[in-house]
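1. Generate a structure from the sequence data that follows.
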Amino acid sequence: MKKVFASLAAGAILTTGTAICAASVAPAALVAGGIEYGASSDYVQQVYGTPTEIETKHHHEFFNGVVTKYEYGDSFEVTFVDGLARHIEVSRHNGIKTADGIEVGSTLEAVKAAYGEPDKIHGDKYIYYCDANRDLGIVFEIENNKVDEIEIGYLD
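-> The predicted structure follows:
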């Protein structure tokens, strides 16, 4: 959770996209590995099983409510606020893809083909805002012209 929110605090903004020309994306695109933004913690456990680690905080600097993070190995995390998914992070090539088929290891060209030009580039982060709520979206961290990390959900 520290890594997720440290990146938010450092100015990383998250967004997601669909295969459209405009950079902003539909709320339905806020998905990774079949887990949608707003999915319940029970649903995530039905799909992925028991997390390898669970961390719960009752007070958090970015969210109100009970914040719980499920970690699956060292490459897939889902953060919940009051039991609903608010942040999804994929940090290794593990087969987990966005709704448009982008995964860690995909090329920058594939990201742009799927999502168009980003709304914003902040360092190595390509940011796509959700068209219905600019507090949400997806960020693709790009290293050597390939996706190194994907973050989906709430933008600080």
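2. Which stretches in the chain count as helices?
-> Using DSSP state H, the helices of the chain run over residues 2-9, 41-48, 108-115.
3. Pull out the buried residues from the second one.
-> Applying a neighbour-count criterion of 16 or more other C-beta atoms under 10 Å, one finds Ser41, Tyr43, Val44, Tyr48 buried in helix 41-48. No exception for glycine: its C-beta is placed from N, CA and C like everyone else's.
4. shaky segments in this structure?
-> 1-23, 59-62, 156 (pLDDT under 70).
5. mind checking the longest strand of this protein?
-> Among all segments of the chain classified by DSSP state E, the strand with the greatest residue count is strand 133-143.
6. Contacts made by that one with the rest, please.
-> Residues external to strand 133-143 that are found in contact with it (C-beta atoms under 8 Å, 6 or more residues apart in numbering): 12-17, 25, 27, 29-30, 37, 98, 102, 108, 111, 115, 118-119, 124-130, 147-155.
7. Ok, stretch 66-79 next?
-> With contacts defined as C-beta under 8 Å, 6+ apart, stretch 66-79 is touched by 1, 4, 33, 35, 39, 41, 44-45, 48, 51-58, 60, 80-83, 85-92, 94, 96, 104, 153.
8. ok, now with 6 Å
-> Outside of stretch 66-79, the residues that reach it under the criterion C-beta atoms under 6 Å, 6 or more residues apart in numbering are 1, 44, 48, 51-58, 60, 80-82, 85-92, 94, 96.
9. Taking the residues you listed, please make a ChimeraX selection of just the buried ones.
-> For selection in ChimeraX, the members of these meeting the burial criterion (16+ other C-beta under 10 Å) are listed in this command:
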select :1,44,48,51,80,81,85,86,87,88,89,90,91,94,96
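10. Could you pick out which of the contacts of stretch 66-79 are located in strands?
-> Where these overlap with strands, as defined by DSSP E, the overlap consists of 53-57, 80-81, 85-90.
11. Kindly reformat the residues you listed as TSV containing distance to Gly137.
-> Formatted as TSV, these follow (distance: C-beta to C-beta, whole Å):
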residue	distance to Gly137
Glu53	26
Ile54	26
Glu55	24
Thr56	25
Lys57	23
Phe80	18
Val81	17
Ala85	14
Arg86	12
His87	11
Ile88	12
Glu89	13
Val90	15
